[in-house]
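> I'll drop the sequence and a predicted model, then ask my questions.
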Amino acid sequence: MSDAPVLDPLSGDTRDRLRGASTATLATVLWTRGFRNRVLRSTHRLRPGGPPMVGVARTLRYVAARADLDTLERWKTEENPQRRIADEIEPGQVLAIEAREDRSCGTMGGMLIARMQVRGAAGVVSDGPFRDGPFIAALEMPSYANGMNANTNLVAHHPEDLDRTITCGGVMVRPGDAIVGDDEGVIVIPRHLVDEVAEIAAAKEREEAWIERRILAGAPVEGSYPMDAATRAAYEAESSGSGGSGGSGA
């Protein structure tokens, strides 16, 4: 069995369903299947608003810096994984960075992330800060980090390798997993579950948008959420397949 990651793009249907699902709804769907910790901690969108982030994970792993390895001259080399990924990432892919949640310096700067946007990357997420944060926040491509820090990554990080299993924000990320981000946070979906999770989440969003409208119109929570038999019958009778923003409820 090959250890090579499966980086095939998500299907169009799955991608569209994930775009319409909140991270809260996706977290609930995964929770019902026994996955208790798939939301990255302490990681936020640099500029709230705009389209969701949906893509296939590429991974960059940092380890602690070492003085003889982490020099400006070595950073410039073609072999540097941090520089390589900016020119290798493909459309529809999201770069996830493991930086040990270290806040002492940036984990990537504006030039490399701008290059990723030009190459069609779907987003970037780090469990450390970004350097050039205001510039990165202004880009069209979604970006998530635990803050901003002007220090170069050479202060604390050595870019060890690409496309290995990492821990980002307390969550295991394997290359090829699906990554979804919205204004609430970022969630990682194991690749073998993503089609199923996306389909269930899309149906859940439609149901919960209907329930939200019902509650806002004056219905009590009891019988509405979760739906009892009568409410379920009313939903099925009225449902036209159109949804709303939805949410996880719980």
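Cool, got the structure.

> Which residue ranges make up each domain of this structure?
Domain ranges of the chain: 36-189, 196-238, per automatic domain parsing.

> deepest of these, which one?
Across the domains of the chain, averaging neighbours per residue (mean count of other C-beta atoms under 10 Å) puts domain 36-189 on top, at a mean of 19. No exception for glycine: its C-beta is placed from N, CA and C like everyone else's.

> related to what we said a few turns ago, need the domains of the chain in CSV with mean pLDDT, can you?
Converted to CSV, the domains of the chain look like this (pLDDT from 0 to 100):
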stretch, mean pLDDT
domain 36-189, 97
domain 196-238, 97
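
> For those domains, give me a markdown table that also has distance to residue 26.
Formatted as a markdown table, the entries for those read as follows, by distance: least, C-beta to C-beta, whole Å:
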| stretch | distance to residue 26 |
| --- | --- |
| domain 36-189 | 5 |
| domain 196-238 | 5 |
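
> nearest to residue 27, of these?
Closest to residue 27 of these is domain 36-189 (C-beta to C-beta; 5.5 Å).

> Give me the distance between the two termini of the closest one.
End-to-end distance of domain 36-189 (C-alpha to C-alpha, to the nearest Å): 12 Å.

> Residue 22: which of the domains of the chain is closest?
domain 36-189 (5.9 Å).

> just to revisit the earlier point, go through the domains of the chain and name the closest to residue 20.
Comparing the domains of the chain by C-beta to C-beta, domain 196-238 comes nearest, at 6.1 Å.

> Could you pick out the longest strand of the protein?
strand 53-64 (DSSP state E).

> Quick check: next helix or strand after it?
helix 72-75 (DSSP states H and E).

> who's the nearest residue to residue 164 once chain neighbours are set aside bridged to?
Of all residues not flanking residue 164 in the chain, residue 61 sits nearest, at 5.7 Å (C-beta to C-beta, 6 or more residues apart in numbering). In this structure, residue 61 bridges to residue 98, residue 161 when assessed by DSSP bridges.
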